[in-house]
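1. with the input below, show me the fold.
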Amino acid sequence: MQTVTTRLFISGALCALSTTALAQSSVTLYGIIDTGVEYVSHANAAGGHVFRMPAVTGELPSRWGLRGAEDLGGGYSAVFTLESGFNVRDGSSGQGGRLFGRQAFVGLKGPYGTMAFGRQYTMTYLALQGADIIGPDIYGMGSLDAYVPNARADNSVTYMGTYKGFTLGAGYSFGRDSAGTGNSPGQGTCAGSVAGHPTECRDWSVMLKYDAPNFGVAASYEEQRGGTNAQANFFDGVAPTPLGNAADKDARTHVSAYAQYAGAKLGAGWLGRRVVTDSPAVPNVRSDLFFVGASYFVTPAFPGRRRSVPHRQQCARLPRDDGRAAHHVSAEQALVRVCAGRLSGQQCEGALFGERRRWRHDARRRHRSDRCDGRHQARVLGDIE
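-> Residues are numbered from 1 along each chain as shown. Predicted structure coming up:
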């Protein structure tokens, strides 16, 4: 058995790294460097302001990577991607200090789709790409749910196949954070796989989408299991929910659509999150994030980018009480990316993230807690790529 395993590993390495065995092979070096200077008002309890450089991203996260493909004949090819994220502000590596924290996988591509193995994006991230106009922007949907632009998992086996506009995707991770350095902000650590506990730190996701020339629709579902030091953070000022048991679940369901015509694009969708714990002492939590965005290319004459971004947060108290639970609702709205210029042209874009609601269910007692500090933040970012 050991001999077979060794041969498989050697075979996989040769397929991924060989550049001389077949004629039609390629390796591409690519990257993005993006940073800016940000002004934030009411940056502390005293109402002070601050100028700073964002740690992670301005418009797009900075990264460099290697992408390769080798023709194996018969319509099949071996593919690989190694992608490293880094912070321009201080030169540190992103994704918990990993060398190739953004992506690191090898796979086989054929007429019926691609199967890949390694650290990869989950289907939640891939399904949102069409309708999420803002993308992984510093003021995008990731400011309300940091997992959205960081939806990756270690130890993943994925499949992606496309037929007549339909794309089916599925991924399964045996342990989503094998390095134990924090796979995504707010998740804690969950260093699977764990012997004797097959569901601990597991992650699985599925996606179905349809893309036509002028419109597209997508849906996805992802479920993460708990484990030692795992947690669920809703980024609303409330302490994260511990997910220390393999039976604990953190699930996201998403539905979205987009339409585009004559340089204009409109996208909208819903992302629902449900955290269900196995312990009666830890209440279940859920949230709903609705989003809509639009973009329009004005002219291809501008090669650079400069923009102003207003960011507003609003607190609302909308409690609903019944015999079993108290429903605490905080609404956050952000109007982001008023106007931006791309290398391929100047683009004016806007997006409105409508109510993000959070409920804590506690069947043991009836309680009420209205939490709102009343502050409003204004943020302006000058960005260069």
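2. how near is Pro149 to Val56?
-> Applying C-beta to C-beta, to the nearest Å, the value for Pro149 to Val56 is 9 Å. The C-beta positions use only the backbone N, C-alpha and C, and glycine is treated the same way.
3. cool, Val238 as well?
-> Per C-beta to C-beta, Val238 is found 23 Å from Val56.
4. equivalent analysis for Leu271, please.
-> 20 Å.
5. out of those two, which sits in the busier spot?
-> Using other C-beta atoms under 10 Å, the more surrounded residue of Leu271 and Val56 is Leu271, with 25 against 22.
6. which helix or which strand is home to that one?
-> Following DSSP states H and E, one finds Leu271 within strand 264-276.
7. could you list the low-pLDDT ranges of this protein?
-> Across the chain, the ranges flagged by pLDDT under 70 are 1-23, 57-58, 299-385.
8. that one: helices as residue ranges?
-> Using DSSP state H, the helices of the chain run over 2-17, 123-128.
9. quick one: strands adjacent to the strand holding Leu271?
-> Sheet pairing for strand 264-276, assigned by DSSP bridges, gives strand 249-261 (antiparallel), strand 284-299 (antiparallel).
10. mind listing what's buried in the longest one?
-> In other words, strand 284-299. For strand 284-299, burial by neighbour count (16 or more other C-beta atoms under 10 Å) applies to 284-289, 291-297.
11. again, but for the first one
-> For strand 249-261, the buried set under the neighbour-count rule, 16+ other C-beta under 10 Å, comprises 249-258, 260.
12. next one: stretch 230-239 to chain centre, how far?
-> How far stretch 230-239 lies from its chain's middle: 16 Å, per C-alpha atoms, centre = their mean, to the nearest Å.
13. err, stretch 241-249, not the other one
-> Remark: stretch 241-249 is offset 21 Å from the chain centroid, using C-alpha atoms, centre = their mean.
14. and that stretch, end to end?
-> Terminal residues of stretch 241-249 are spaced 11 Å apart (C-alpha to C-alpha, to the nearest Å).
15. tell me where the stretch 201-350 of the chain has strands.
-> Under the criterion DSSP state E, counting those that start in this stretch, the stretch 201-350 of the chain carries strands at the ranges 203-211, 215-225, 231-232, 241-242, 249-261, 264-276, 284-299, 320-321, 326-327, 334-336, 340-342, 345-361.
16. can you list contacts of the fourth one?
-> Read that as strand 241-242. Applying C-beta atoms under 8 Å, 6 or more residues apart in numbering, the contact partners of strand 241-242 are 230-234, 275, 277, 282-283, 285.
17. on that earlier part again, with distance to Pro61 added, can I get the buried residues of strand 249-261 in a markdown table?
-> Shown next, in a markdown table, are the buried residues of strand 249-261 (distance: C-beta to C-beta, whole Å):
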| residue | distance to Pro61 |
| --- | --- |
| Lys249 | 28 |
| Asp250 | 23 |
| Ala251 | 25 |
| Arg252 | 20 |
| Thr253 | 25 |
| His254 | 21 |
| Val255 | 26 |
| Ser256 | 21 |
| Ala257 | 26 |
| Tyr258 | 22 |
| Gln260 | 24 |
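18. check those against Ser92 and report the nearest one.
-> Closest approach between the buried residues of strand 249-261 and Ser92, by C-beta to C-beta: Asp250, at 27.4 Å.
19. can you pull the contacts of the closest one?
-> Per C-beta under 8 Å, 6+ apart, neighbours of Asp250: 223-224, 226, 232, 243, 273-275.
20. pick out the most distant pair among those residues.
-> Greatest spacing in those, by C-beta to C-beta: Gly226 and Arg273 (14.6 Å).
21. out of these two, which sits in the more crowded spot?
-> More crowded of Gly226 and Arg273, by other C-beta under 10 Å: Gly226, with 28 against 21.
22. distance-wise, check the more buried one relative to Phe234.
-> 16 Å.
23. what of Gly36?
-> In this view, Gly36 and Phe234 are 27 Å apart by C-beta to C-beta.
24. repeat that for Gly65.
-> Separation of Gly65 from Phe234 (C-beta to C-beta): 31 Å.
25. looking at those two, which is more packed in?
-> Between Gly65 and Phe234, counting by other C-beta under 10 Å, Phe234 is the more crowded of the two (22 against 18).
26. sorry, back to before: now, the most widely separated pair of the contacts of strand 241-242?
-> Ala230 and Pro283 (16.5 Å).
27. who's more crowded, these two?
-> Comparing Ala230 with Pro283 by other C-beta under 10 Å, the one with more neighbours is Ala230, at 28 against 18.
28. can I assume the more buried one is in contact with Cys201?
-> Yes. Assessed by C-beta atoms under 8 Å, Ala230 is found in contact with Cys201 at 6.8 Å.
29. which residues do the two both contact?
-> By C-beta under 8 Å, 6+ apart, the residues touching both Ala230 and Cys201 are Cys190.
30. residue contacts, the residue lying closest to Gly31 once chain neighbours are set aside?
-> Computed as C-beta to C-beta, 6 or more residues apart in numbering, the closest residue to Gly31 that is not its neighbour in sequence is Trp64, at 3.5 Å. Residues in contact with Trp64, defined by C-beta under 8 Å, 6+ apart, are 29-32, 83-84, 86.
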